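> Quick one, structure for this:
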Amino acid sequence: AALAVTLSCLALPFISNFYAVAATQSLAGIAGAIFPPALAAITLGVVGPKLFSKRIGRNEGFNHAGNAVSAALAGGLAYLFGPIVVFWLMGVLAALSIGAMLMVPSEAIDNDLARGLDCAEDASCEEQPSGLTVLLQNKYLMLFALLAAIFHLSNAAMLTSVGQLLTHLSGKDNATSLIAICIVAAQCVMVPVAMFVGHKADAIGRKPIFLAAFGVLALRGVLYTVSNNPFYLVAVQLLDGIGAGVYGALFPIVVADLTRGTGRFNVSQGAVATAQGLGASLSATLAGLIIVAAGYSAAFLTLAAIAGLGFALYLLAMPETRGFEPAQAGTPSGPAGRPALATA
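You can find the predicted model right below:
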């Protein structure tokens, strides 16, 4: 995947055909979707379930720090040498990621742990062939997939809508700088948030922290309607660092909770991420239609209401997944076939 991203970036300075550019970026997008689940699986295979939460929080902290640094480097180098240098920078960084991955010895990764197994000798832990089947068999995993879709249905369009509004208020040139500040600042906020989530998820529990993410997302949508001052809008966008920072760190932790011991961690990550992607892909369309019909405030309030719906659904229907005991394939682990929560 990193090699595909590297080649896609390095090819761009040499091509100008629209279809060739679209093809290389499609390849990079497909490859990019591999990184989060692959890194989560490698992490689980290296440290095991007991240290997984803390390690994922640390991973996400470094992830967001890297995003902030690369965005700042891209902006500075583009200013000095022109936009073409950004593609070379991205290619170099992608190549460096390959070197970093090669530094992890393959024997350090327990492949059974990496797929969510902690009972490799047990035949009941055999992996099912279909992600859809896995999703449908675990109602809480299905519910979490719905919640992931709701979160991104609310969140994905907020930055793009703010960017459009800033362009309208400040002009194209100023808006570009303000949007860049929004992105870098939010990523900087995500670093301590992700580290905090990883450090405290086992102590506080997953549910209160995830509820906070939904609550901050809803608050952010409402606050956008208070003022059209560009600097105020940029300040509100910093809240994205809290919501997205929590979500990015907790997503693999909750999926690991819901699939522990089943050997279906990776296929379940893919299934939930698919639902997440569907929510994100619909978000901009929904916001755009509302902006055209009723204005920016109506769009932001609608996105906030969706986040509020997610908050209520998580509060009322989703259990605390710390210590969760998923049902094995075809065997219920709780009354009436419901997955049980561990008492310890």
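> Tell me where this structure has strands.
324-325, 340-341 (DSSP state E).
> and the ones you listed, which one is worst for confidence?
The weakest mean pLDDT among those belongs to strand 340-341, with a mean of 45.
> is it true that L146 touches L278?
No: L146 sits out of contact with L278 when judged by C-beta atoms under 8 Å, with a separation of 10.3 Å. C-beta coordinates here come from the backbone N, C-alpha and C atoms, glycine included.
> give me the low-pLDDT residue ranges for the stretch 201-344 of the chain?
325-344 (pLDDT under 70).
> Can you report how many residues neighbour A294?
Other residues near A294 come to 12 when the count uses other C-beta atoms under 10 Å.
> that older thread, neighbour count: L146 and L278, which is higher?
Here L146 and L278 are compared on neighbour count by other C-beta under 10 Å; more neighbours surround L146, at 18 against 15.
> Spit out the contact partners of that one.
Counting by C-beta atoms under 8 Å, 6 or more residues apart in numbering, L146 touches A275, L313.
> now do the one 10 residues further on
Remark: with contacts taken as C-beta under 8 Å, 6+ apart, A156 is in contact with G279, A280, S281, S283, A284.
> so of those residues, which ones are in helices?
Counted as lying in helices by DSSP state H, out of those, are G279, A280, S281, S283, A284.
> ok, now which ones touch the fourth one?
Applying C-beta under 8 Å, 6+ apart to S283 gives the contacts H152, L153, S154, N155, A156, A157, L303.
> thought I42 was touching D110?
No: with contact defined as C-beta under 8 Å, I42 does not reach D110; the gap is 10.2 Å.
> which ones are touching the closest residue to G310 other than its chain neighbours?
Closest residue to G310 apart from its sequence neighbours, by C-beta to C-beta, 6 or more residues apart in numbering: I150 at 4.0 Å. Residues near I150 by C-beta under 8 Å, 6+ apart: G279, I306, A307, L309, G310, L313.
> likewise T285?
Counted by C-beta under 8 Å, 6+ apart, T285 has zero contacts.
> returning to that earlier point: restricted to buried residues, select the contacts of A156 in PyMOL.
This is the PyMOL syntax for the buried subset of the contacts of A156, where burial follows 16 or more other C-beta atoms under 10 Å:
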select buried, resi 279+280+283
